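> here is a sequence with its predicted model. Questions after.
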Amino acid sequence: MSSSNEAWQVGTLAPVARAESNWYALQTRARHEKTIAERLREQGVTSFLPLVSEVHRWSDRRKTVELPLFSCYVFVRMAPTGQDRLRVCRINGVFGIVGVRGEGIPIPAEQIEAVRTLVAEQLQWSEHPFLKIGQRVRIRGGSMDGVEGILTARNGDRTLIISVDAIQRSLAVRIEGYDVEPV
């Protein structure tokens, strides 16, 4: 996939809720993201639906279409109150707030801003498996193809920790430039 234009729907929140509000992800029915973002805007809820443009080709034509960057998700900024949760979950096509027992996991504003910047600047991007520091990963390609270890970071450099459990020893190797995937 490649980059494109951005679009998001923005409404407003009551001033009282704004101070306590956080970003949350709503899981939505497939292909209902734009409609749900519109319904949220109509209800005065701040929402963010990052869209990317893709050229779709058919045998007789080409057309540029805007698709959600994250299929089946819309981001909302709301206070974590029962009333606000109920208001957004009642929208047709919303399955729930991403989190445990519908409580929702707050998303740091910096992460939402990073997505906005990426989409707004029309930077080249591609999907990548979600990797966390401390996760077991496998290197794909190159001279270390198939090597597994634990992903770490030190001073901004990605490092792979390879351990020999029986002798309780580990080696660290810098893996910048290598493609890694979760095991």
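Looks like it came in fine.
> in the chain, which spans are helices?
If DSSP state H is used as the criterion, the helices of the chain fall at 15-20, 33-42, 82-89, 109-120.
> contact partners of stretch 175-183?
129-131, 135-142, 144, 148, 151, 157-160 (CB atoms under 8 Å, 6 or more residues apart in numbering). All C-beta spots, glycine's among them, are computed from the backbone N, C-alpha and C.
> run the last query once more with 6 Å
Pro129, Arg136, Val137, Arg138, Ile139, Arg140, Gly141, Gly142, Glu148, Arg158, Leu160 (CB atoms under 6 Å, 6 or more residues apart in numbering).
> next one, pLDDT for the residue positioned nearest the centre of the chain please.
The residue lying closest to the centre of the chain (CA atoms, centre = their mean) is Phe70, at 6.4 Å. We have a pLDDT of 92 for Phe70.
> separation between it and Gly99?
16 Å (CB to CB, to the nearest Å).
> tell me how many other residues surround Pro50.
21 (other CB atoms under 10 Å).
> how about the nearest residue to it, chain neighbours excluded?
Spatially, and ignoring its direct neighbours in sequence, Pro50 is nearest to Leu69 (4.1 Å; CB to CB, 6 or more residues apart in numbering).
> weakest of the helices of the chain by average pLDDT?
Among the helices of the chain, helix 15-20 carries the lowest mean pLDDT (a mean of 47).
> least confident secondary structure element in the protein?
helix 15-20 (a mean of 47; mean pLDDT, DSSP states H and E).
> can I get the contacts of stretch 175-183 in CSV with neighbour count, pLDDT and distance to Ala120?
Converted to CSV, those look like this (neighbours: other CB atoms under 10 Å; pLDDT from 0 to 100; distance: CB to CB, whole Å):
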residue, neighbour count, pLDDT, distance to Ala120
Pro129, 10, 70, 25
Arg136, 11, 91, 35
Val137, 21, 91, 30
Arg138, 16, 91, 34
Ile139, 19, 91, 33
Arg140, 13, 90, 31
Gly141, 10, 89, 32
Gly142, 11, 87, 33
Glu148, 14, 91, 37
Arg158, 17, 86, 27
Leu160, 21, 88, 33
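> now, which of those sits nearest Ile167?
Glu148 (17.4 Å; CB to CB).
> the closest residue to the closest one other than its chain neighbours and Val52, how far apart?
Leaving aside its chain neighbours, Glu148 sits nearest to Arg138 (4.8 Å; criterion: CB to CB, 6+ apart). Counting by CB to CB, the gap from Arg138 to Val52 is 29 Å.
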